[in-house]
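[1] Here's a sequence, model it:
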Amino acid sequence: MLILTAAVGIGVFFRKYQELSAYVDLQKDMVSFLNVLKYGQHIGSRSSDIEFMGITSARELKLIRMTTIPGVSKGIEIKPPISDLYPNDYVRYYLHDGFIKMEYRHRGTDSSSPTILFPEKGLKDRVIIEDFLISDANANNAIFKYRPNEKLCVINVDFKAKVKIRQNEFKSVHYKTIMAMKNMERPSPTN
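    Numbers count the residues shown, from 1 in each chain. As a prediction, the model looks like this:
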């Protein structure tokens, strides 16, 4: 009887450990993706060509793949810091077919196909993206006073995903954050 009880206890421990590991891995992978969105994915093949194109280093931001909710999108296009040689370069991060993907134009050359950033292809049956929404964080003067013709420079990111921990049972993770361009052209207000 003691051996049976120990075996059941060990089985429960390992099942709970696997559930907790899946949940922690989801959190880790989501934070990792948010850091890629903020700081950029490395783009380029040679060490002298590598750039990181993310929100903080952007020269311009544009919402793409708009939803039915006004001002809310499922993707963003980022223009890198000004380059006279390649003014049309960009990187796009967007939700498509249950994956967050990235495509880009770097030094005038388009990516051959979108890169899957989240979840990894092997996790598609276990990880489900419930929401990936991007909007203007300054909508309705939420952060600072609106100025006519001001470009998008601060965004809200609402990212929700769930991981399967057992048959028909999931655990969800929901992150909401604000990201801003480092190169905002917004002088201090004068009195």
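
[2] Please name every helix or strand in contact with the helix or strand of the chain with the lowest mean pLDDT.
    Using mean pLDDT, DSSP states H and E, strand 51-53 stands out as the lowest-scoring helix or strand of the chain, at a mean of 81. Under the contact criterion of 3 or more C-beta pairs under 8 Å, 6 or more residues apart in numbering; DSSP states H and E, strand 51-53 touches strand 41-43, strand 99-106. Placement of C-beta: from N, CA and C, glycine included.

[3] at 7 Å what do you get?
    strand 41-43 (3 or more C-beta pairs under 7 Å, 6 or more residues apart in numbering; DSSP states H and E).

[4] Would you indicate which residues of the strand it packs on are buried?
    Of all the residues in strand 41-43, those buried under the rule 16 or more other C-beta atoms under 10 Å are Gln41, Ile43.

[5] got the contact list for that strand?
    The contact list for strand 41-43, computed with C-beta atoms under 7 Å, 6 or more residues apart in numbering, reads Ile50, Glu51, Phe52, Met53, Val91, Met102, Tyr104, His106.

[6] give me that answer again for 8 Å
    Here strand 41-43 makes contact (C-beta atoms under 8 Å, 6 or more residues apart in numbering) with Ile50, Glu51, Phe52, Met53, Gly54, Val91, Met102, Tyr104, His106, Thr115, Leu117.

[7] Neighbours of the second one, how many?
    To tie it back to what came earlier, the one meant is Glu51. Glu51 has 19 neighbouring residues, counting by other C-beta atoms under 10 Å.

[8] Could you do the fifth one as well?
    Counted with other C-beta under 10 Å, residues neighbouring Gly54 total 21.

[9] and Pro80, what is it in contact with?
    Taking C-beta under 8 Å, 6+ apart, one finds Glu51, Met53, Ser57, Ala58, Arg59, Asp89, Tyr90, Val91 in contact with Pro80.
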